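S.K.: Any chance you could fold what I've pasted below:
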Amino acid sequence: MNKSDFIAKLAEDTAMKKSDAEKFLDAFVANVKEILISGDKLQLVGFGTFETKERSEKEGVNPATGEKITIAACKVPAFKPGKIFKEELNR
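M.R.: Numbers count the residues shown, from 1 in each chain. A predicted model of the protein is given here:
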């Protein structure tokens, strides 16, 4: 499912106009990004938790040359599904 399909489904399920559903989705995504960039996490009970994790610096290999390289430490977004969601998924 792509973004436009999701917007259509969201509009159908909530009796919203597609334009309103798109505004809602864009605002939701922007807010999740803002929360993660600020270092906080977003916990949606029954669904899961969006958070930022730290990856430490590590050594890697350039597959084209075989040369060893250093991969810098970075922050990455992560999603951990909640218990209820996992149970529903595995039924």
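S.K.: Quick one: end-to-end length of stretch 11-23, please.
M.R.: 11 Å (CA to CA, to the nearest Å).
S.K.: Determine how far that stretch lies from the middle of the whole chain.
M.R.: In terms of CA atoms, centre = their mean, to the nearest Å, the centre of stretch 11-23 is found 21 Å from the chain centre.
S.K.: Could you do stretch 24-32 as well?
M.R.: For stretch 24-32 - counting by CA atoms, centre = their mean - the centre lies 11 Å from the chain centre.
S.K.: Number the chain from 24, please
M.R.: All right, first residue 24 from here; so that's stretch 47-55.
S.K.: So for that stretch, what gets flagged as buried?
M.R.: By neighbour count on 16 or more other CB atoms under 10 Å, the buried set for stretch 47-55 is empty. All C-beta spots, glycine's among them, are computed from the backbone N, C-alpha and C.
S.K.: do stretch 101-108 as well
M.R.: Buried-residue list, stretch 101-108, by 16+ other CB under 10 Å: empty.
S.K.: could you pull out the helices for this protein?
M.R.: 26-37, 41-60, 106-112 (DSSP state H).
S.K.: and of the ones you listed, who's closest to Glu90?
M.R.: If you check each of those against Glu90 by CB to CB, helix 41-60 wins as the nearest, at 33.0 Å.
S.K.: average pLDDT across that closest one?
M.R.: Regarding helix 41-60, the rounded mean pLDDT is 97.
S.K.: And for it, what's in contact with it?
M.R.: 26, 29-31, 33-34, 37, 39, 64-65, 73-75, 100 (CB atoms under 8 Å, 6 or more residues apart in numbering).
S.K.: For those residues, could you give me TSV that also reports neighbour count?
M.R.: Formatted as TSV, the contacts of helix 41-60 follow (neighbours: other CB atoms under 10 Å):
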residue	neighbour count
Lys26	11
Phe29	13
Ile30	20
Ala31	14
Leu33	17
Ala34	18
Thr37	11
Met39	15
Lys64	13
Leu65	15
Phe73	18
Glu74	17
Thr75	15
Pro100	12
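S.K.: Let me have these in TSV, adding distance to Pro86 as columns.
M.R.: Converted to TSV, the contacts of helix 41-60 look like this (distance: CB to CB, whole Å):
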residue	distance to Pro86
Lys26	32
Phe29	35
Ile30	38
Ala31	40
Leu33	40
Ala34	44
Thr37	46
Met39	47
Lys64	34
Leu65	36
Phe73	31
Glu74	31
Thr75	28
Pro100	25
